[in-house]
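Engineer: Next comes the sequence, and after it the predicted model I'd like to discuss.
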Amino acid sequence: MLNILADGLMPLVDDLFAPLGTLQRFEGRQPTPAQLAQAEVLLVRSVTQVDAALLTQAPKLRFIGSATIGTDHLDIKAIEEKGLFWTAAPGCNADAVADYVLSAVLNWQTMTGRDLPALTVGIVGVGNIGSRLSRRLNVLGVKVLCCDPPKGEPGFITLAQMLPQVDVLTLHVPGGQGTRHMIGATELAAMKPGALLINSCRGSVVDNAALLAWLEAGAGQAVLDVFATEPDFDRRLLDLGLWLTPHIAGHSIEGKRRGTWMLYEALCQKLGQVPQGRFEDQLPRAPVESISGIELAVRRLGNLVFDIRDDDAWFRAGLKAGRTFDELRRSYPKRREWGSLKAGSLEDGARLWDLASH
């Protein structure tokens, strides 16, 4: 039987992995040396740095799984040099992050009295999340501009071309030196007056000092789920940020459970075993499963499932009560994805909701 060491906050681990070995959980950001010494399978989230130092403490390690889209917390070079198998969960929470951004855009659009078809949204990074977001915004009649230099797709533009054109700029790139301070003072100055910046990827992508200066000058607004100072929080942002959350954009029930499920499938494949059950069977019933007979407004329906303003209020109240960033992130309330809500008897509206929520 395998010795399996898993992050204490990962869901479904007991149900899925218990038949495959002996389970142990670790709390906080890093496992202890004693836990690592026996681990053959390591299951982590983005808060755990799997680097050369950790690997030297885990001589029995054979399998590393990260229940995340991003992999900048994994030292892939060090892992592969040791001949270890590793995997992540690309796309596991892409719809959850797209829900988060759409909630921000639609509530901001309503708050500022703007017409949705008149908005131009710039998406930087058009991978699993950015591509879903682009499609869903297009369904709503929003003009979308895309920037993703590695892809070089026809119709994509450069960041410099994008900045002066967009009312909303939303970031979906990986962390690391290649994207560090991608958005700095020069880029912020190039944006439209009053534009909205949404960062739900990595805090390091935005120069924090430049962001603070831009917000203090009243040049624009920001919705922030990630911060350069994590797990510390720069409290100056409480008075400057529009809506703030503790790195939970992707933390839907579906997103978190899908990440664990993808690692379970990968380990089963590695062991030559067949996964038991279906992912759909791992989800609880949604608090609101269906709705019908009302005039459709995507924002209103979306807010029934997830409203970014509620999370902003919860985060601010938690900080005021003296709770830390990590404590709040660990205790984030359970949340479903927009796609869990089915709309019926809304004529063309039901079709629009179906397209805009997936």
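Structural biologist: Happy to help now that I have it. Numbers count the residues shown, from 1 in each chain.
Engineer: C-alpha from now on. contacts and neighbour counts both.
Structural biologist: Fine.
Engineer: what's Arg309 in contact with, if anything?
Structural biologist: Arg309 is in contact with Trp243, counting by CA atoms under 8 Å, 6 or more residues apart in numbering.
Engineer: For it, give its distance to Leu140.
Structural biologist: According to CA to CA, to the nearest Å, Arg309 stands 21 Å off from Leu140.
Engineer: how far away is the most far-flung residue of the chain relative to its centre from Asn208?
Structural biologist: Distance from the centre of the chain peaks at Met1, with 33.4 Å (CA atoms, centre = their mean). Distance of Met1 to Asn208, given as CA to CA: 47 Å.
Engineer: who touches Val121 in this structure?
Structural biologist: Residues near Val121 by CA under 8 Å, 6+ apart: 142-145, 166-170.
Engineer: How many neighbouring residues does Arg180 have?
Structural biologist: When neighbours are counted by other CA atoms under 10 Å, Arg180 registers 17.
Engineer: Same question for Ala53.
Structural biologist: Residues contacting Ala53 under the criterion other CA under 10 Å number 10.
Engineer: ok so, going back, which ones are touching the residue farthest from the centre of the chain?
Structural biologist: 20-22.
Engineer: let's go with 6 Å and repeat that
Structural biologist: Neighbouring residues of Met1 by CA atoms under 6 Å, 6 or more residues apart in numbering: Gly21.
Engineer: Spell out the secondary structure type for the residue lying closest to Asp115 once chain neighbours are set aside.
Structural biologist: In this structure, Asp115 finds its nearest non-sequential neighbour in Gln109, 7.0 Å apart by CA to CA, 6 or more residues apart in numbering. What DSSP: H, G, I helix; E, B strand; the rest coil gives for Gln109 is helix.
Engineer: going forward, begin numbering at 34 instead of 1
Structural biologist: Right, with 34 as the first residue, what we last looked at is Gln142.
Engineer: Let me know how buried Pro123 is, in neighbour terms.
Structural biologist: Residues near Pro123, counting by other CA under 10 Å, number 18.
Engineer: Quick one: the strands in the stretch 234-383 of the chain, in order.
Structural biologist: Counting by DSSP state E, counting those that start in this stretch, the stretch 234-383 of the chain has these strands, from start to end: 253-257, 276-277, 323-325, 375-377.
Engineer: any idea how far Arg58 is from Gly372?
Structural biologist: 31 Å.
Engineer: In terms of neighbours, single out the busier of those two.
Structural biologist: Neighbours were counted for Gly372 and for Arg58 using other CA under 10 Å; Gly372 has more, 20 against 17.
Engineer: any idea how far that one is from Ser164?
Structural biologist: Separation of Gly372 from Ser164 (CA to CA): 16 Å.
Engineer: could you pull out the helices for the stretch 84-233 of the chain?
Structural biologist: Ranges of helices within the stretch 84-233 of the chain are 85-89, 109-114, 127-144, 161-172, 192-195, 218-222, based on DSSP state H, counting those that start in this stretch.
Engineer: Could you name the helices and strands sitting against the fifth one?
Structural biologist: It stands for helix 192-195. With contacts taken as 3 or more CA pairs under 6 Å, 6 or more residues apart in numbering; DSSP states H and E, helix 192-195 sits against no other helix or strand.
Engineer: Please work out the average pLDDT along it.
Structural biologist: Averaged over helix 192-195, pLDDT sits at 96.
Engineer: Buried residues, that helix. List them.
Structural biologist: Neighbour counts over helix 192-195 (16 or more other CA atoms under 10 Å) mark 192, 195 as buried.
Engineer: Spatially nearest residue to Lys176 (excluding sequence neighbours)?
Structural biologist: Thr153 (4.8 Å).
Engineer: Ok, Thr278 next?
Structural biologist: Per CA to CA, 6+ apart, closest to Thr278 is Asp258, 4.7 Å.
Engineer: go on, Leu270?
Structural biologist: Closest residue to Leu270 apart from its sequence neighbours, by CA to CA, 6+ apart: Leu245 at 7.4 Å.
Engineer: Kindly confirm my reading that Leu38 is in a strand.
Structural biologist: Yes. Secondary structure of Leu38 (three-state DSSP): part of a strand.
Engineer: that older thread, tell me the spacing between the residue farthest from the centre of the chain and Thr55.
Structural biologist: With CA to CA as the criterion, Met34 and Thr55 are 7 Å apart.
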